[in-house]
Structure formats: C-alpha cells, structure tokens
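Participant: Take this sequence and fold it.
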Amino acid sequence: MTRPMLAASVPAFDRAARDRVDRLERLLAAGRTLTSELDLESVLGRILETARELTGAEYGALGVLDERRGGLEHFLTAGLAEEDPEEIGAPPRKQGILELLIGRAEPIRLRGVLGAPTTIRARTWGGLYLIAKQDAEDFDDDDVATIDLLAKWAAVAIDNARLLRETTTRRDDLDRALRTMRTAMEIATAIGGDTDLAHILELIVKRARTLVDADGLLIWLRHGDQLRIAAVAGHADVPDHASIPLGASTAGQALRAGRSVRIEDAQQMLINPAEFGMAQATSSLIVPLVHRGRGLGVLVAFDSRGATASFDADNELALEAFAASAATAVATARLVEAQRLHDSIAAAESERGRWARELHDETLQGLASLKLSLAGTLKANPDRTRSVIESAVTQLERDINALRAIITDLRPAALDELGLEPALRTLVAGVAKGAGLLARVSIKLGAVRLDADVETIAYRVAQEALTNVVKHADARTVTVELILDAERLRLIVADDGRGFGEVHDAGYGIAGMRERAALASGVLEIARAADGGTRVALELPLG
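Facilitator: From the prediction side, this is the model:
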C-alpha cells in the first residue's frame, strides 16, 4: 500500500516543483526589467501583470504616494474591463486596503485579498494588492512570497525613477545656472569694452529673452514716477516713447515691492499689454532690476515658448539671477553717462568762465579806461570836439553795459555762490525789467543746493526759454515755476504771448535745451499754454 501512494505523489510533487521553478524564472524576468526599462509606468505595469499571472488573481492594483505623501502619484489597475473603472470610482486616497498597507511593513492576507507594501528606506510609499484568486479558494504562502518580492522590486523601481528624476532636475538646474553665468559673463565683458547704455540694453534684452525662451521681452526703466520703454526683443510692436505710470501698473508695483511676479493671465495686468504692443500675450513674468537697493526698472517677459505659455519657478529664478547682473550693467552705464554729462557741462562752463574773465579783465577794463580818458579829454578840449566825445562816451556806456550782461549770461556768480533759486530770481528780474514784462515767480528751494550739473542745466534752459519769450512771443506776462520733490526737479516757463506756431529747433535754440535735458536723462516738453501762449516744461530726475 505504501508504494502506490508514493508513486501517486511523485507527479504532484513534480508539478509543484515545476510551478515554483516557472514562477522563479518569471520573477527573475520581472526583475531584469528594472535594468532595461526606464519608464516607471511601464515597469510598474509589468510588475502588476506578473503578480496577477503568478498568483492567479482576477484583479490587481498598485498605488504609489507622491513625494509629500499627501496623495497618489501613480495608481495602476489590472484585470478590469473598460467599464469597471467607472464602477469603482476615482482612485483611492490612502484609504481601504492601500491605507492598511501603508501602515505596515509586512504583507497582509485576508480572505480573497493579498497585499504587500512598497517600502523605500524604511518608509512605505504605497502598496501592491490582489483580489480574488482564480481556481482556488484563497491565496497561499507562495503567493505571499511572490507579491512580497514584487512589491520590493516595485519599491526599487520607484526609488530609481525618483533618483533619475532628481538627477535630471539637478542637471537641468546646472545647465540653467551655467547659461545664466555665461550670459552674465557676456554682460560683464560688454561692460568692460562698451559703456554705451543703448548697446548694453540691447544686449540685456536679447540674452534675457533667450534665457527664459520668451516670445517677447521688454525693458522698462524708471524715470521719476513713470516707467519708459528702453529696449525690446522678440515679437513686440511697441510704440515709440511708450510709458506707463509707476504706481498704477503691475510692473511698477513689482518694482516698488522689489519682488518678481508671475502672471498666468496677462490680460489681467493693470494696464492691458495691448497698449505697449503685446496684444496677443497670455502670460507674463516681471522681474525688477535693483542695484544696491535702488529700483532701476523691470524686465517683463511675455509667453514662454516651451510646453506651456506660462513661466515656471525655474524661469523666475533664472531671470532673477540674470537681472542682478543686468542691473549692475545698467547702473554702471548710467554712471558713465553721468560722468560724461558732468565732464561736458564742466568743460562748457569752464569755457564760459574763461570768456567771462577775459572779457571782464581785458575788454571791459580797456573800455572803461577809454571811457575815462575820453571823459577827461571832454573837459580839456574845445567845444568843437564836445559833441563827438559825448557820443563816444554814450556808446561806450552802452557797450560796457552789454558786456556786463554777456559776462553775467556766460557764468552768473549767483549760481555758483548762492544756488539755483537766487540765480533764477536775478535772471527773471533782469529779463523782465529789460523787456518790460510782468514776471510771476514761484520758487521754493531756499538754501537747498542741488547737484551742480542739475542746477546748471535748469538755469540754462530757463535762460534760453526767457530769451525766446523776449524775442518771439510778444508777451506781456511770463511765469517761472520751480517744483522740487524727492525724485525730480520740474521747471516751467510760460507766457501769454502769441505762441511759437510751428516750432523749429534751430530757430529758437530748442535743440540746445533738448540736448541739455537728455544729458541728464531728463525730458523737455514744449506746448501751447492754456491762455494761448507757450509753455516750456523741463523735468530732471534726481540721484
């Protein structure tokens, strides 16, 4: 009786052994996919299918938590018909079997259910579970061992995928950092060989656009309480001399706050982008240009040309790093321009001073000496020469007075010694008296002294404007107003005359006034006054 029983058990033993060998081979094949397949979804799908096939489960699922462990990053199912997912609803959120697995370190086996946690470095990141074993009442110990091993391999796949993602992210960050550094070096090189602000702004706007792959990029520079367009790159049709208010624009608010702003819907900006040539813009990135705590302007990028039109946090970081170098470039170029302005004005005023001294020390004194000599001769000579000498003395007096006026015009002593307000008041009083004008003056500088270049420019523009009033306006009244605040100086010269009509720079010395204003990054505006005369307005930024 013993032999027949042994003989009958041999085939069953062989089948079980062959099943275990087959299962082992398939497990090894599933393990090899970890080294040949980089796509995580494919690896997890293959592991899930292998688990179902080896255990005979009718249904299977595999869930993976996201890196914050707040929800599922992946959820795969197997064995469900197309209509089944709709019946079971949305993927679980750390509930039911999956929640039970996350709280364990070992597999679980319940009636009709088998599950194993996916554990990475002693932390559970999800689980693999199977339901309803076919052709058997329940899952056995071999099934437990199989799903446990597959869950561990799933953990390895998840860990590898995350390491690969981290490595790729770090590589991309490094590439971006290198691009930013290279761009910054190009800016630095440009500064070393070129101090022309317009050229530097062109370089900045092109490099910045490339850095964040924007459809269009604009630079706005601050002028008083305005932001004015300075450079454009890409698809932007910006009107000439475009400007926006600092306090009532999104870009201005970002500059004042000193913080970058990403906007998903560019049409929600305080000023519609269509007003400065970006009518089709859908998103924007605004980064302030700040140098030593002072806001110089903003970089405004529109529409990323990447997978989506919106800019991401990496774009923001890259453009912020670039903006630091760009702000230094702009500030440096402006310093160079300011020095050029100072040198230019100093040279002109030095030449004026030399002429004033020569006229005073030589010509004027010579004429005065001649006047005294003629006057003495007048007393000694006969009456027949009296009329001739009287006429000569009168002419000399006129010439002396004219030379004194020229000397004062060339370099008024009050401007150097007392400041802008006394010099302007003296100038207006002299012009009004000589031309028979009624002058109204509103100046409240007092003892405040401004930068010498600013004072000189304001004085010369007022001087030229008053000369035009006398020569061309046929006016009865002239008004001179000087307004000073923390950011700018405004000079206004207005008259009630006939106006300029068609203004030509060469005819009224306006070109010189505009050049002086431009040297100090200021603006000169000439318009018809409300009462029909002419209004000249000069605005100079301070600091």
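Participant: quick one: contacts for Asp495?
Facilitator: Residues touching Asp495, when contacts are defined by Cβ atoms under 8 Å, 6 or more residues apart in numbering, comprise Val469, Ala473, Ala475, Thr477, Val478, Thr479, Ala529, Gly533, Thr534. Yep, even glycine has a C-beta here, placed from its N, CA and C like the rest.
Participant: these two touch, right, the second one and Thr534?
Facilitator: Yes: because the distance of 6.2 Å satisfies Cβ atoms under 8 Å, Ala473 is recorded as touching Thr534.
Participant: Comparing these two, which residue is more hemmed in?
Facilitator: Looking at Ala473 and Thr534 with other Cβ atoms under 10 Å, you find the greater number of neighbours at Thr534, namely 26 against 21.
Participant: Return the distance of the more buried one relative to Arg123.
Facilitator: With distances defined as Cβ to Cβ, to the nearest Å, the gap from Thr534 to Arg123 amounts to 80 Å.
Participant: hey, where'd the strands end up in the stretch 351-500 of the chain?
Facilitator: Taking DSSP state E, counting those that start in this stretch to define them, one finds strands in the stretch 351-500 of the chain at 438-443, 477-484, 488-495.
Participant: Kindly reformat these as CSV containing mean pLDDT and distance to Leu48.
Facilitator: Supplementary listing: those in CSV, determined by pLDDT from 0 to 100; distance: least, Cβ to Cβ, whole Å:
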stretch, mean pLDDT, distance to Leu48
strand 438-443, 93, 85
strand 477-484, 93, 76
strand 488-495, 93, 70
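Participant: of these, which approaches Ala61 most closely?
Facilitator: When those are compared by Cβ to Cβ, strand 488-495 sits nearest Ala61, at 68.7 Å.
Participant: Give me the angle between the closest one and strand 438-443.
Facilitator: Orientation of strand 488-495 against strand 438-443 (axes from the mean of the first three to the mean of the last three Cα atoms, to 10 degrees) gives an angle of 170 degrees.
Participant: so who does the nearest residue to Ala331 once chain neighbours are set aside touch?
Facilitator: In space, Ala331 comes closest to His291 once its chain neighbours are excluded; the distance is 4.1 Å by Cβ to Cβ, 6 or more residues apart in numbering. With contacts defined as Cβ under 8 Å, 6+ apart, His291 is in contact with Ala327, Thr328, Val330, Ala331.
Participant: ok, the second one - how many residues close by?
Facilitator: The local packing count at Thr328 equals 18, with neighbours defined by other Cβ under 10 Å.
Participant: Likewise for the last one?
Facilitator: Number of residues near Ala331 (other Cβ under 10 Å) recorded here: 16.
Participant: element containing it, please.
Facilitator: Of the helices and strands defined by DSSP states H and E, Ala331 is found in helix 313-358.
Participant: as a whole number, average confidence for that helix?
Facilitator: This predicted structure assigns helix 313-358 an average pLDDT of 72.
Participant: what's the answer for stretch 368-385, then?
Facilitator: Averaged across stretch 368-385, the pLDDT comes to 66.
Participant: just stretch 418-437 next, same as before
Facilitator: Looking at stretch 418-437 alone, the average pLDDT works out to 89.
Participant: before we move on, what about stretch 267-278?
Facilitator: On average, the pLDDT along stretch 267-278 is 86.
Participant: Quick check: end-to-end length of it?
Facilitator: With Cα to Cα, to the nearest Å as the measure, the ends of stretch 267-278 fall 10 Å from one another.
Participant: which phi and psi does Gly70 have?
Facilitator: Torsion angles at Gly70 (phi, psi; degrees, to the nearest 10) stand at phi -100, psi -10.
Participant: same deal with the one 3 residues further on?
Facilitator: Torsion angles at Glu73 (phi, psi; degrees, to the nearest 10) stand at phi -90, psi -40.
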